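Trainee: how does the following fold in three dimensions:
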Amino acid sequence: MNSSKSTRIKKRSGKQRLTDNPINFYPHFFLTLTRILVSRCFGLDHCRYNGEMIEAPWIRELAARVELLSVCPEAEIGLGVPRDPISLVRNNKGVRLIQYETGIDLSEFMVSFSQGYLRFLGDVDAFILKSKSPSCGLGTTKIHENDSFTLGSGVFASIAEKLYPDSVFVDEKFMEEKGVDGLLGLINKN
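Mentor: Residues are numbered from 1 along each chain as shown. As a prediction, the model looks like this:
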């Protein structure tokens with residue numbers, strides 16, 4: 001048997017998931033948990049720019065029902081906690097991730113981390129990302145240009161949406177309104 005060949009395993013939501021197991025004689029007996037990536041600041045770590053953690057009552061229930069993965073892209077690129085805030089700014093180079101206090105352009109660091117991390121991550125059914133974040137926001141992040149702004153997605157979120165077009169993307173507002181059952185129902189429909 002060719003060990004580079006992958007066997008399909010049916011996951012709980014009814015989608016097929018690839019496994020690296022080349023010898024799987026009974027694939028219908030193996031179910032895998034739904035995999036969900038969350039922003040680490042949701043009740044898991046004090047990693048926000050101000051050193052705080054966001055109260056997320058739904059995180060424990062979610063962790064008990066799925067395979068929970070977490071990331072803080074800003075901490076992963078080496079920004080400390082607490083740290084000077086970062087913002088998305090549109091200039092002649094396009095949309096850039098800038099730390100105003102230091103003037104440092106963090107765009108290349110964030111793009112490089114995001115692409116590498118997400119490509120290594122494997123299959124993910126859903127992403128729950130922090131709204132308004134310059135790294136994780138989903139259409140709610142301010143992109144500053146001169147004295148005005150438009151709304152868009154954060155750097156990590158934008159790359160995740162491109163690399164995972166079949167995954168579900170929500171923020172904490174969705175979780176507060178719909179809860180874990182609402183998210184799992186959305187994943188099962190997708």
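Trainee: surely Val124 touches Val71?
Mentor: No - between Val124 and Val71 no contact is recorded; they are 10.7 Å apart, counting by CB atoms under 8 Å. Using the backbone N, CA and C atoms, a C-beta is placed for each residue, glycine as well.
Trainee: mind listing the shared neighbours of those two?
Mentor: Leu37 (CB atoms under 8 Å, 6 or more residues apart in numbering).
Trainee: more crowded one of those two?
Mentor: Neighbour count, other CB atoms under 10 Å: between Val124 and Val71, Val71 has more, with 23 against 19.
Trainee: now do the contacts for that one.
Mentor: Contacts of Val71 by CB under 8 Å, 6+ apart are Leu37, Ser39, Arg40, Tyr117, Phe156.
Trainee: max-length helix in the chain?
Mentor: helix 172-189 (DSSP state H).
Trainee: list the buried ones in that helix?
Mentor: Glu172, Phe174, Met175, Val180, Leu183, Leu184, Ile187 (16 or more other CB atoms under 10 Å).
Trainee: which elements pack onto it?
Mentor: helix 58-65, strand 126-129, strand 168-171 (3 or more CB pairs under 8 Å, 6 or more residues apart in numbering; DSSP states H and E).
Trainee: winner for burial among the ones you listed?
Mentor: Mean neighbour count (mean count of other CB atoms under 10 Å) peaks for strand 126-129 among the helices and strands packed on helix 172-189, with a mean of 24.
Trainee: what lines up beside it in the sheet?
Mentor: Using DSSP bridges, strand 126-129 pairs in its sheet with strand 35-39 (parallel), strand 168-171 (parallel).
Trainee: low pLDDT regions in the protein?
Mentor: The model of the chain has pLDDT under 70 over residues 1-31.
Trainee: ok, which stretches of it are helices?
Mentor: 58-65, 73-76, 107-121, 155-163, 172-189.
Trainee: nearest to Val89, out of those?
Mentor: helix 107-121 (9.6 Å; CB to CB).
Trainee: mind listing residues that contact that closest one?
Mentor: Contacts for helix 107-121 (CB under 8 Å, 6+ apart): 37, 69, 71, 73, 76-78, 96-98, 135, 155-156, 159-160, 163-164.
Trainee: mind running it again at 7 Å?
Mentor: Val71, Pro73, Glu76, Ile77, Arg96, Leu97, Ser135, Val155, Phe156, Ile159, Ala160, Leu163 (CB atoms under 7 Å, 6 or more residues apart in numbering).
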